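Undergrad: Turn this into a structure:
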Amino acid sequence: MAKKSPFKELTTGMLALSAGSTIISSIGGKKQRRSARASQREALAFQKEQQAILEQQKDEYRALQFTNPYEGMQNPFEDIRVATGAADFQAQQGAQQRANILGSLRGAAGSSGIAGLAQTLANQGALQAQKYQLI
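TA: Have a look, this model is predicted:
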């Protein structure tokens, strides 16, 4: 009488276990596919609904009538002019005053001091010119 091999029984059991595992995973895969399809249908339905709402809002916007509330109004300040003669005169007076001061101090300050004085006067003139431009 021949002995039964224990490996033969073990191999048969493993084949049965493997087949059962394949069947279970196949069932799980079908459930996942079914669930994914249902989710996809819901997403498409939601997208179509949102698109319909958007189109309705676009139609409402296109139907709006816009009017200009200021059409035909007169602007009384449209042709107004600004007199700049006084500001120009003031700027000329300041430049002349600085030139007079520089001329009178030319002999008293010497050659080294005159450069510093000239720079100071130039800076003051630039500030004053800026002030008159803002007027």
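Undergrad: can you give me phi and psi for residue 72?
TA: Dihedral pair for residue 72: phi 80, psi 0, per degrees, to the nearest 10.
Undergrad: And it, how close does it get to residue 86?
TA: Separation of residue 72 from residue 86 (Cβ to Cβ, to the nearest Å): 37 Å. C-beta coordinates here come from the backbone N, C-alpha and C atoms, glycine included.
Undergrad: Of the two, give the one with the bigger neighbour count.
TA: Using other Cβ atoms under 10 Å as the criterion, residue 72 and residue 86 rank with residue 86 on top: 10 against 6.
Undergrad: Residue 60: helix or strand, and which one exactly?
TA: Following DSSP states H and E, one finds residue 60 within helix 6-63.
Undergrad: So the protein: which segments form each domain?
TA: What automatic domain parsing lists as the domains of the chain is 16-61, 83-135.
Undergrad: Now the weakest link among these, please, by mean pLDDT.
TA: Sorting the domains of the chain by mean pLDDT places domain 83-135 lowest, at a mean of 70.
Undergrad: send the alpha carbons of stretch 45-62 over as CSV?
TA: Listed next in CSV are the C-alpha coordinates belonging to stretch 45-62 (Å, rounded to 0.1, in the frame of the first residue of the first chain):
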residue,chain,number,x,y,z
ALA,A,45,-25.9,64.8,-12.7
PHE,A,46,-24.5,67.5,-10.3
GLN,A,47,-22.4,69.0,-13.0
LYS,A,48,-25.4,69.2,-15.4
GLU,A,49,-27.5,70.8,-12.7
GLN,A,50,-24.8,73.4,-12.0
GLN,A,51,-24.4,74.1,-15.7
ALA,A,52,-28.1,74.7,-16.1
ILE,A,53,-28.1,77.1,-13.2
LEU,A,54,-25.1,79.0,-14.7
GLU,A,55,-26.9,79.3,-18.1
GLN,A,56,-30.0,80.6,-16.4
GLN,A,57,-28.0,83.3,-14.5
LYS,A,58,-26.2,84.2,-17.8
ASP,A,59,-29.6,84.7,-19.5
GLU,A,60,-30.8,86.9,-16.6
TYR,A,61,-27.7,89.0,-16.9
ARG,A,62,-28.1,89.4,-20.6
